[in-house]
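Asker: Have a look; sequence and predicted model below, questions after that.
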Amino acid sequence: MADPLPDPALLVLIGASGSGKTTWARAHYREVEIVGSDALRAVVGSGENDLDATRDAFDLLDRIVEARLRRGLTVVVDTLGTDRARRRRWRETAEAAGLPAVAVLFDTPAALCRSRNRERARPVPAAVLAAQLRGLRETVAELDDEPWARVESVAPPAEPATPPADPTAGVAAAARPRSGTGPSGTAAAAPVSAQAVSGRSDGTPVASAASLEVVLQLSRFPWGEDPVRWLTGIAREADRVGITGIALMDHLIQIPQVGRVWEPIPEPWVTLGLLAGLDTSLRLGTLVSPVTFRPPGVTAKAAATLDALSDGRAFLGLGAGWWDREHAGFGLPFPPARERLDALESGIELIRALWSPGTKPHRSGRVDLPETVSYPRPVGRLPIVVGGSGERRTLQIAARLGDACNLPSDPDLLAYKIAILRDHCVVAGRDPADVAITVLDLPVVGTDREDAAHRVERLRGRTPATTFAARHHAGTPEQTAERYRRLADLGVSTVFCALPDLVEPGDLDRLAAVVEALRGTQGQPA
C-alpha cells in the first residue's frame, strides 16, 4: 500500500485541463486548502474563463500560497503546474517553512481530457488543450531533476473508453510508477486498506490490524448534573459500537494536559465497580494507577474484586507516578524517581503473590509476606499493563514482570522503545511475544477533513492550529484507522484512545467509524 501523503505539506497538482485535478483535490482536501487559478480568475475577473484576469489571478495565488506555507498550513495548488519557475518558487517557500513539497502528477489519457473538456460549459480551445498535453511531456521530464520530497502519480478511475493512439497519452506513466495516493493513503478512485499482518520474516511478533483492540480511555468527565447517567451512557454506547473496553485515568486532581483542576475526576475503582454492574462485554481497568498513592496490596484486592464482579474482564495498569502536585495536595509523600521505580517493581511482585494459588508465605529480596490470603482471587490471569517508557528501569520492569507495556504512539519513537523492551525481554529470559504492546492516543477525529479542522479550531485554545492538529493526529476515521494499522504493523495490540472532545455518547460514532474501518482490514489486499 502506498504511504499517505504528508500533511501539512505543499502539493502542486500537474495535469492538463480535464485531467481530474480539481475533482481529486476536492475529494481529499478542504476547500480552504485548495488554491486554484480558475477560481481566482473568478475573484479578480468576470469568471473562471476570464483569461484577461490570468496575471492578477496568479499574483493573488502566489500571495495566498506564500502566506499559508509561512503559517505551516497545507496548500494544494490547482493549476496546470507546468510553469517550472513557479514550481521552484513554491517549492523553495515550502522548504523555508519546513514543509515537504509534493508534486502530484495526473496521468490522464489525452482522449479522456478532450472528452471531459467538450462537456464543459466553456471548453478550452482544442489547440490550447493540445499545447497543454505537449507541455506536460516536458514537465514530466523536468520533474526528474527537481528536488521534490515526493512525486506521486494519480490515475483516473477506469472508464469504458477506447485507449487513444495519441502520442501524448499516458506520458506520466512512462516517466514514473503510479502510487495513486491521497492525504490518507487512499487512491484517487477508491480507498486502499493494508493487509492484516500476522508476523514478520525475522520472527518479530506483529499484531493484526483487524484484531487491534481499541479501548476508550476516559480522562475527562463532563457529566453535568447526572454522573451515573453520563458514565453508563458512555459505557453502553462504547459496547454497542464495538469498542473493546474502558480504561480510567487514575489521578487525584485533573491534570493540566487534560483540563482544569476544578473539573471532576472520579476515584477509578469505585467508578469501575459501577460499570462492572452493566450488561456489557467491556474490559475494565485503570491506565495507570500510581504505586505512590495506591498501596499494592489494596490495589490487588480492588482489581481482583473488579475481576470477580465483571466475570474476568478486569485489567490493571500500574506506574511509578509522576505528578508531585497531587501528592502534596493530598498530604502524600512523593519520593525520588529511583524509589518510586523500586516501589513499582516490588509492588507488581506483591500483587502477583497475593493473586497466586494458596496462602503460603512469600519471601524475596524485595517482598516479605507472612501469608498470601486475599480473596476473591482473579477469575483468570489478570493482565498488568506497565505504564512508562524509561529505557533503563521501566522497560526492564515491564519486560520482567508485566503482561503489557504502554508506550508512546509516535511511530519512530515507538519502534525504538519496542526494540529496547524486546532486548530486556531476552535478557530476562522471556519471549518478547509474552509482553503485549499498548499505546495511548489522543486523536481529534472528524467525520471528514472539514469537520476535523473545525474541531481543532474549537479545541486548540492559544496553540497554533497546525501544532495542535499534529499533536492530536487530527483526521478522518479512515486516516485514524490507517495510522492504527501502521501501529499494528509495529506490534501494537491495543490502542487506548482518549477523544479530547468526548462530551456525550453520540460522540463515539466517530470512534465507531475507526473501529469499523479497522475490522474491514482483514482479507483486503495490500
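Answerer: Thanks, I have it.

Asker: where in the stretch 51-200 of the chain is pLDDT low?
Answerer: Along the stretch 51-200 of the chain, segments meeting pLDDT under 70 span 157-200.

Asker: Please, where are all the helices along it?
Answerer: Remark: helices assigned in the stretch 51-200 of the chain by DSSP state H, counting those that start in this stretch are 54-70, 84-96, 110-118, 126-143, 171-175.

Asker: Thought Ile384 was touching Ile397, still the case?
Answerer: No. Taking contacts as CB atoms under 8 Å, Ile397 lies outside contact range of Ile384: 10.4 Å. (C-beta placed from N, C-alpha, C; glycine too.)

Asker: Look up which residues are beta-bridged to the nearest residue to Arg150 once chain neighbours are set aside.
Answerer: With CB to CB, 6 or more residues apart in numbering as the criterion, Arg150 has its nearest non-adjacent residue at 4.7 Å, and that residue is Val102. As for beta bridges, Val102 partners with Leu11, Arg150 under DSSP bridges.

Asker: SS state for the closest residue to Arg229 other than its chain neighbours?
Answerer: Nearest residue to Arg229 in three dimensions, chain neighbours excluded: Trp223, at 7.7 Å (CB to CB, 6+ apart). Classification of Trp223 by DSSP: H, G, I helix; E, B strand; the rest coil places it in coil.

Asker: want to throw the helices of the stretch 51-200 of the chain into JSON lines with distance to Asp307 and mean neighbour count?
Answerer: JSON lines is the format used below for those (distance: least, CB to CB, whole Å; neighbours: other CB atoms under 10 Å):
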{"stretch": "helix 54-70", "distance to Asp307": "53", "mean neighbour count": "17"}
{"stretch": "helix 84-96", "distance to Asp307": "54", "mean neighbour count": "17"}
{"stretch": "helix 110-118", "distance to Asp307": "62", "mean neighbour count": "19"}
{"stretch": "helix 126-143", "distance to Asp307": "60", "mean neighbour count": "17"}
{"stretch": "helix 171-175", "distance to Asp307": "59", "mean neighbour count": "18"}
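
Asker: export these to CSV and tack on distance to Asp311?
Answerer: Listed next are these as CSV, based on distance: least, CB to CB, whole Å:
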stretch, distance to Asp311
helix 54-70, 54
helix 84-96, 56
helix 110-118, 60
helix 126-143, 61
helix 171-175, 58
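
Asker: do you know how far Ser115 is from Ala101?
Answerer: Distance from Ser115 to Ala101, counting by CB to CB, to the nearest Å: 32 Å.

Asker: Next secondary structure after the least confident helix or strand in the chain by mean pLDDT?
Answerer: Every helix and strand of the chain was ranked by mean pLDDT, DSSP states H and E. The lowest is helix 171-175, at a mean of 36. Taking DSSP states H and E as the definition, the helix or strand that follows helix 171-175 towards the C-terminus is strand 213-218.

Asker: list the helices and strands that following strand packs on?
Answerer: helix 227-240, strand 245-248, strand 492-497, helix 508-519 (3 or more CB pairs under 8 Å, 6 or more residues apart in numbering; DSSP states H and E).

Asker: Quick check: the residue nearest to Arg229 vs Thr232, distance?
Answerer: Computed as CB to CB, the Trp223 to Thr232 distance reads 10 Å.

Asker: Same check on Thr292?
Answerer: Noted for Thr292: a distance of 31 Å to Thr232, by CB to CB.

Asker: higher neighbour count, those two?
Answerer: A direct count of neighbours by other CB atoms under 10 Å for Thr292 and Thr232 places Thr292 higher, at 23 against 17.

Asker: Secondary structure element holding Arg455?
Answerer: Applying DSSP H and E, one finds Arg455 within helix 449-459.

Asker: can you pull the contacts of Pro6?
Answerer: Pro6 is in contact with 99-100, 102, 149-150, counting by CB atoms under 8 Å, 6 or more residues apart in numbering.

Asker: how does the chain divide into domains?
Answerer: Listed domain ranges for the chain are 10-175, 209-519 (source: automatic domain parsing).

Asker: in stretch 498-514, what counts as buried?
Answerer: Buried residues in stretch 498-514, counted by 16 or more other CB atoms under 10 Å: 498-502, 505, 508, 510-514.

Asker: Including distance to Gly329 and pLDDT, could the residues you listed go into TSV?
Answerer: Listed next are these as TSV, based on distance: CB to CB, whole Å; pLDDT from 0 to 100:
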residue	distance to Gly329	pLDDT
Ala498	23	96
Leu499	27	96
Pro500	24	95
Asp501	28	95
Leu502	26	96
Pro505	32	96
Leu508	32	97
Arg510	35	95
Leu511	33	96
Ala512	37	95
Ala513	39	95
Val514	36	96
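
Asker: show me the contacts for Arg63.
Answerer: When contacts are counted by CB under 8 Å, 6+ apart, Arg63 touches no other residue.

Asker: what comes into contact with the strand ranked longest in the chain?
Answerer: Longest strand of the chain, by residue count under DSSP state E: strand 283-290. For strand 283-290, the external contacting residues (CB under 8 Å, 6+ apart) are 215, 217, 244-250, 268-269, 272, 275-276, 299, 303, 306, 310, 313-322, 385-387, 406, 440, 496.
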